[in-house]
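>>> what follows is a predicted structure for the sequence shown.
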Amino acid sequence: MKYAKPDNYTDADWEMVQGYMRGHDLLPAERSGPAYMHGYRNGRSDATGVPHERAEVLRRRADMIPGITREKANV
């Protein structure tokens, strides 16, 4: 299902959300950009209950992705 990007999200924020939703549904990744893959891996981890990294590592990686809004990345 396709959703419109909320006005308060950057393109990178929205890529991360889309990746998360696809990963959480355990579907194959559609893109390979850093924001999308960050969300995708987190979604898969949440769906399977198996974390792929420690939380502090994930936060640091999210902070390095250009365009990510910090308060959305750390939620």
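Alright, I've got the coordinates.
>>> got a list of contacts for stretch 29-41?
With contact meaning CB atoms under 8 Å, 6 or more residues apart in numbering, stretch 29-41 is reached by 12-13, 15-23, 52-53, 58, 61-62, 64-65, 67-68. (Each C-beta comes from the backbone N, C-alpha and C, glycine too.)
>>> of these, which belong to helices?
12-13, 15-23, 58, 61-62, 64 (DSSP state H).
>>> ChimeraX command for the buried members of those residues?
Restricted to buried positions by 16 or more other CB atoms under 10 Å, the ChimeraX selection for these reads:
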select :12,13,15,16,17,18,19,20,22,23,58,61,62
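>>> looking at the ones in helices among the contacts of stretch 29-41, which is nearest Ala47?
Distance to Ala47, by CB to CB, is smallest for Gly23 among those, at 6.9 Å.
>>> skipping adjacent residues, who's closest to that closest one in space?
Nearest in space to Gly23, with sequence neighbours left out and distances taken as CB to CB, 6 or more residues apart in numbering, is Gly43 at 2.8 Å.
>>> wait, that neighbour touches Leu27, no?
No. Between Gly43 and Leu27 there is no contact under CB atoms under 8 Å: 9.3 Å.
>>> higher neighbour count, those two?
Gly43 (23 against 12; other CB atoms under 10 Å).
>>> distance check, the residue nearest the centre of the chain against Gly19.
The residue lying closest to the centre of the chain (CA atoms, centre = their mean) is Gly39, at 1.6 Å. Distance, Gly39 to Gly19, by CB to CB, to the nearest Å: 3 Å.
>>> likewise for Tyr36?
With distances taken as CB to CB, Tyr36 is found 4 Å from Gly19.
>>> quick one: low-confidence ranges for this protein?
Along the chain, segments meeting pLDDT under 70 span 1, 71-75.
>>> distance of His52 from Thr10?
Computed with CB to CB, the distance linking His52 and Thr10 is 24 Å.
>>> quick one, what contacts the residue nearest to Gly23?
Going by CB under 8 Å, 6+ apart, Gly43 touches Gly19, Tyr20, Met21, Arg22, Gly23, His24, Asp25.
>>> how does it look with 10 Å?
16-27, 29 (CB atoms under 10 Å, 6 or more residues apart in numbering).
>>> is it possible to export those residues to TSV including distance to Thr48?
Below are the contacts of Gly43 laid out as TSV (distance: CB to CB, whole Å):
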residue	distance to Thr48
Met16	19
Val17	19
Gln18	19
Gly19	15
Tyr20	13
Met21	15
Arg22	14
Gly23	10
His24	10
Asp25	12
Leu26	8
Leu27	13
Ala29	15
